[in-house]
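> Provided below for reference: sequence and predicted model.
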Amino acid sequence: MYSATILLGLLAKTSYFRTQSNSIPSVCQSIFIYFQFLNKKGLLMAKKVSMQIIADRLSISKFTVSQALSGKSGVGNDTRQRILKLAEALGYRVKPIAVSGRLSLEYSEPAVTSTVFIYMKEEFRKETNFWARVLDGLQAGCREMGWTYSFIDNSTNLSTFTDLVNHAKNPLGIIVIGISQRSHLLVLQNVGLPIVLVDHEDPLISADVILNANMEASLIACNHLIAQGCSSLIFIGRDSLAVSFKERWWGCKLAIEEWNKANPEQRCSLQKWSISLAMRNWQQQFEKRILAWEPHNFPNAILCANDQIAMQLLLTFKRLNITVPDQCRVVGIDNIEASADTSPSLTTIELAKEPLGMRAIQSLKRKLQNGHTIREKIILSAELIIRKSG
């Protein structure tokens, strides 16, 4: 109801100041003062417009809106102009100020805490040897960026996760640690935040992927065992527990196939045991299979999908009076701290832990700076650690 009054008043004030001075800056300053006067009298109503509203209107991330409004790099010029025009149209904290004789717009918003959501199974959070160190790297990366983090585990009702994100002051993205059901990942993807998968990948999920060189790790381990004269190998691990376990089995098969193709007269045999430490009777399964071995079928070496399985196997061998490495060599994968303290000390493959988490944060930062870049799969290399068991 005040629009006509405001317009007439503004024109009158502008005409008045033109007669008093030919200075454009004076006119601009006068308009600013008049707006302040109207605001104090309650003739102007401030419209509260958040960055999230702008982001929703343009179907882009809140982070991109923040970068554009604060004048920071990493936002394309076309996108920046769209954001600025919509912000001006919606009345987003626009402050008229006199700069170089013309009106310009200053966009500002109080600093808010940026949050990264970490989605992982509850049992992974309780594990202290591998995943704890991955989390250490991830948390260090967040601190370096000035970000906070919030955990979501697989017991969380994902239908309420969208509400959780919407109530967060500045949600940045989601980092998924370890294996996760596709149905859960699709729910997370529909939230609209950038996603980074760590030690897991899914072709239906649009996300950067950070992996260890799992196939390379088992290739290295098998080639090492073959070089030690081993001709009968067993791989222990269950594919369903982790994508990394499946890749380690593939690497083991590839190593044996390549050796047999190149050395048909010195062929190496390979078996697989799908035993998991999550099984209630895994110890009995170990002993049952070992006791069933015939002397002529006794393997030269066993490659375990991770160090924890290998360490338990060493204990079982010790209980059954089977000497390592004389009767059977044992090699693990991961190089957790406890692997050096076993008896005998465990030969293993060093894989990234803290760097895995750090690279996830770096990948999320890259996605936030330019959301239209091609997806990346980053694979961190493996290294053989030779000790006494193999």
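Structure's in. What do you need?
> Let me know how buried the spatially closest residue to Ala213 that is not a sequence neighbour is, in neighbour terms.
Spatial nearest neighbour of Ala213, excluding adjacent residues (C-beta to C-beta, 6 or more residues apart in numbering): Ala382 at 4.5 Å. Quick note: C-beta positions are derived from backbone N, CA and C, even for glycine. Counted with other C-beta atoms under 10 Å, residues neighbouring Ala382 total 24.
> who touches Ala382 in this structure?
Applying C-beta atoms under 8 Å, 6 or more residues apart in numbering to Ala382 gives the contacts Asn212, Ala213, Asn214, Glu216, Ala217, Ile220, Ile349, Glu350, Leu351.
> Let me know the closest of those residues to Ile290.
Closest to Ile290 out of the contacts of Ala382 is Ile349 (23.4 Å), distances taken as C-beta to C-beta.
> Look at the closest one and tell me its secondary structure.
Ile349 falls in the strand class when you classify it by DSSP: H, G, I helix; E, B strand; the rest coil.
> Surely Asp136 is in contact with Gly357?
Yes. Contact status for Asp136 versus Gly357: in contact at 6.7 Å, counting by C-beta atoms under 8 Å.
> more neighbours, those two?
Applying other C-beta under 10 Å to Asp136 and Gly357 shows that Gly357 carries more neighbours, namely 26 against 14.
> which other residues reach the longest helix anywhere in the chain?
Criterion DSSP state H: the longest helix present in the chain is helix 243-262. Contacts with helix 243-262, where a contact means C-beta under 8 Å, 6+ apart, come from 179, 199-201, 211-212, 214-219, 221-223, 226, 233, 235, 237-239, 267-270, 272, 303, 305-306, 333.
> and if you look at stretch 286-300?
Under C-beta under 8 Å, 6+ apart, the answer for stretch 286-300 is 225, 229-234, 271, 273, 275, 312-313, 316-317, 319-320, 322, 327-329.
> run the last query once more with 7 Å
Cys230, Ser231, Ser232, Leu233, Ile234, Trp273, Ile275, Leu313, Thr316, Leu320, Cys328, Arg329 (C-beta atoms under 7 Å, 6 or more residues apart in numbering).
> Where does the prediction get shaky in this protein?
Applying pLDDT under 70 to the chain flags residues 1-49, 59, 61-63, 72-76, 89-112, 154-159, 276-278.
> mind running it again at 80?
1-53, 55-68, 70-80, 82, 85-113, 153-169, 241, 275-283, 295-296, 371-372 (pLDDT under 80).
> Quick one: the helices in it, in order.
Taking DSSP H to define them, one finds helices in the chain at 3-20, 24-40, 51-58, 62-69, 77-90, 122-126, 131-145, 161-167, 182-190, 214-227, 243-262, 282-291, 307-319, 354-369.
> Of those helices, which is nearest Glu376?
helix 354-369 (6.6 Å).
> Mind giving me the packing neighbours of that closest one?
helix 131-145, strand 171-177, strand 195-198, strand 208-212, strand 377-380 (3 or more C-beta pairs under 7 Å, 6 or more residues apart in numbering; DSSP states H and E).
> Against Phe298, how distant is the nearest residue to Asn306 once chain neighbours are set aside?
Distance criterion C-beta to C-beta, 6+ apart; nearest residue to Asn306, sequence neighbours excluded, is Asp334 at 5.0 Å. Taking C-beta to C-beta, to the nearest Å as the measure, Asp334 falls 26 Å from Phe298.
> neighbour-wise, which of these two wins?
Asp334 (27 against 12).
> give me every residue that touches that one.
By C-beta under 7 Å, 6+ apart, Asp334 lies in contact with Phe130, Asn306, Asp307, Thr348, Leu351.
> ok, 10 Å please
The contact partners of Asp334, taken as C-beta atoms under 10 Å, 6 or more residues apart in numbering, are 129-130, 133, 212, 217, 244, 304-310, 346, 348-353, 382, 385.
> These, buried ones only, as a ChimeraX selection?
In ChimeraX, this line selects whichever of the contacts of Asp334 come out buried by 16 or more other C-beta atoms under 10 Å:
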select :129,130,133,212,217,244,304,305,306,307,308,309,310,346,348,349,350,351,352,353,382,385
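> Let me have the helices of the chain in JSON lines, adding distance to Ile174 as columns.
Compiled in JSON lines, these are given as follows (distance: least, C-beta to C-beta, whole Å):
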{"stretch": "helix 3-20", "distance to Ile174": "45"}
{"stretch": "helix 24-40", "distance to Ile174": "41"}
{"stretch": "helix 51-58", "distance to Ile174": "16"}
{"stretch": "helix 62-69", "distance to Ile174": "13"}
{"stretch": "helix 77-90", "distance to Ile174": "22"}
{"stretch": "helix 122-126", "distance to Ile174": "15"}
{"stretch": "helix 131-145", "distance to Ile174": "12"}
{"stretch": "helix 161-167", "distance to Ile174": "9"}
{"stretch": "helix 182-190", "distance to Ile174": "5"}
{"stretch": "helix 214-227", "distance to Ile174": "23"}
{"stretch": "helix 243-262", "distance to Ile174": "18"}
{"stretch": "helix 282-291", "distance to Ile174": "33"}
{"stretch": "helix 307-319", "distance to Ile174": "28"}
{"stretch": "helix 354-369", "distance to Ile174": "9"}
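> Which among these is found nearest to Gly390?
helix 214-227 (6.5 Å).
> What residues of stretch 315-322 count as buried?
Here stretch 315-322 shows Thr316, Phe317, Ile322 as buried, counting by 16+ other C-beta under 10 Å.
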